[in-house]
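Engineer: structure of the sequence below:
(chains A and B)
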Amino acid sequence: MRDLLAAEAAELLTRWLAIRKDPLTVEELFAVCRRVFPGVVVLAGAMEDVVRRGRASDPVLETVTLALARFEVTPEALIEAAWVIEGTRQRAGSAASAAELCRELVVEQGFRPWVLEAAYGIGAPLSDWLAITLEGVLASTVPDYLSWSYPAWDDKFR
Amino acid sequence: MLSVVDELMSHRESADGLVAVLQQRVPAVMQWRLVLEELELRSRDRRRPGIYRMLRCFDHPVELRLLAASAVVAAARQAPHGWGDTTIVDEVCHRLVVGDGHLPWALWEAMRSLTSSGYSSTYVGIAEPFAELRSGLLWTGRDSAEVPGYLRWDYPAWAAKFSAGEDG
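Structural biologist: Take a look at the predicted model:
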């Protein structure tokens, strides 16, 4: 389901950027995106898709690249997240629910969800576990954490 | 490399026979692994347990991959816009594998994971050294005094490993 949303978001963003002739600022881009996209993680994936495939004119692409940098997903952040995910997974064992673990990572330890998502592949066995975790959180435990109004990143992308 | 895969697909060797062909035709350990992965992909419905068993020899704990990922990023950060000289790439690979003891396939997987996530390849600016390190790990034939065959299948550290068929 989330993959579908990300793909749709990427198409939507691409179409919107394609008709945009003039350069725009990062702030203008985020202002539009906050109105159009349901959550920050979907937007991160959509922007990443636009940049990776070069699906915009050069000046617009440059702005999207700068906007993407606002998410601060560095290789170091990915590796750190992968270490913590693995440690949390091992410590919690099989008894803890996926939602409980994700709540600890996101709310208590402060990891950004898009970093966790991007860290999927760094540690091999984490993929399925984290996918289930994020779904679980989306469903109930921290319902707002992927939305723009979640306090930790409400100001970050304004 | 794909021609070797095509050739092996037409054979029906035992696992030992497969190893013999690989040792003869695919000298580098990393290429060996990629050939096995491709063979497994193509043979999935043909049940060739020998391929699976050999691929298991490349398994490693998550912790080793995470350590490899950290080492790869640190190395790439030394040359954010590439090294521009294959000798330096070779030296870096040599240091990572021989000096620091990282498994080359753990390094490879770390680089594959980091670049496939997309974020790192789009704006972090170290995609180029990642690519150079990956090609360095695939490097096959240039045995020299500086790089004495450390990525070849018969490099002592992993020749014993594969002949024993051990995991880990």
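Engineer: list the helices and strands the helix or strand containing residue B:105 packs on?
Structural biologist: Using DSSP states H and E, residue B:105 sits within helix B:104-116. In terms of contacts (3 or more CB pairs under 8 Å, 6 or more residues apart in numbering or on different chains; DSSP states H and E), helix B:104-116 is packed against helix B:29-43, helix B:62-77, helix B:127-138. Every residue, glycine included, has its C-beta placed from N, CA and C.
Engineer: now for those, which one comes closest to chain A?
Structural biologist: Distance to chain A, taken as CB to the nearest CB, is lowest for helix B:62-77 among the helices and strands packed on helix B:104-116, at 4.4 Å.
Engineer: quick one: is that closest one near chain A?
Structural biologist: Yes. For helix B:62-77 and chain A, the contact criterion (CB under 8 Å from any CB of the partner chain) is met by B:62-63, B:65-66, B:69-70, B:73, B:76.
Engineer: flag whichever of those residues scores worst on pLDDT.
Structural biologist: Ranked by pLDDT, those bottom out at residue B:62, which scores 83.
Engineer: quick one: the helix holding residue B:105 to helix B:29-43, angle?
Structural biologist: 70 degrees (axes from the mean of the first three to the mean of the last three CA atoms, to 10 degrees).
Engineer: nearest to residue A:119, out of the helices and strands packed on helix B:104-116?
Structural biologist: helix B:62-77 (9.9 Å; CB to CB).
Engineer: may I have that closest one as CSV, with CA atoms only?
Structural biologist: Provided in CSV are the C-alpha atoms of helix B:62-77 (Å, rounded to 0.1, in the frame of the first residue of the first chain):
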residue,chain,number,x,y,z
VAL,B,62,24.5,-8.4,10.0
GLU,B,63,27.1,-6.8,12.3
LEU,B,64,29.9,-7.6,9.8
ARG,B,65,27.9,-5.9,7.0
LEU,B,66,27.3,-2.8,9.1
LEU,B,67,31.0,-2.6,10.0
ALA,B,68,31.7,-2.9,6.3
ALA,B,69,29.2,-0.2,5.5
SER,B,70,30.9,2.1,7.9
ALA,B,71,34.3,1.4,6.5
VAL,B,72,33.1,1.9,2.9
VAL,B,73,31.5,5.3,3.7
ALA,B,74,34.7,6.4,5.5
ALA,B,75,36.8,5.4,2.5
ALA,B,76,34.4,7.1,0.1
ARG,B,77,34.5,10.3,2.2
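Engineer: of all the residues in it, which ones are buried?
Structural biologist: B:62, B:64-73, B:75-76 (16 or more other CB atoms under 10 Å in any protein chain shown).
Engineer: and the end-to-end length of stretch B:42-62?
Structural biologist: Using CA to CA, to the nearest Å, the span of stretch B:42-62 from its first residue to its last is 26 Å.
Engineer: and for stretch A:15-28?
Structural biologist: First-to-last distance for stretch A:15-28 - CA to CA - comes to 16 Å.
Engineer: now, which of the buried residues of helix B:62-77 sits nearest residue B:136?
Structural biologist: residue B:75 (10.2 Å).
Engineer: pretty sure the closest one contacts residue B:92?
Structural biologist: Yes. Under the criterion of CB atoms under 8 Å, residue B:75 makes contact with residue B:92 at 5.3 Å.
Engineer: okay, and the common contacts of the two?
Structural biologist: Residues touching both residue B:75 and residue B:92 by CB atoms under 8 Å, 6 or more residues apart in numbering or on different chains: residue B:133.
Engineer: go ahead and confirm residue B:79 touches residue B:129.
Structural biologist: Yes. With contact defined as CB under 8 Å, residue B:79 and residue B:129 form a contacting pair (5.0 Å).
Engineer: how close does the closest residue to residue A:71 other than its chain neighbours sit to residue A:112?
Structural biologist: The shortest distance from residue A:71 to any non-neighbouring residue, by CB to CB, 6 or more residues apart in numbering or on different chains, is to residue A:44 (5.2 Å). For residue A:44, the distance to residue A:112 (CB to CB, to the nearest Å) stands at 9 Å.
Engineer: circling back to that earlier point, looking at the helices and strands packed on helix B:104-116, which is nearest to residue A:72?
Structural biologist: helix B:62-77 (15.0 Å).
Engineer: name the next helix or strand following the closest one along the chain.
Structural biologist: helix B:86-94.
Engineer: quick one: average confidence on that following helix?
Structural biologist: 84.
Engineer: equivalent analysis for stretch B:98-109, please.
Structural biologist: Rounded mean pLDDT across stretch B:98-109 is 87.
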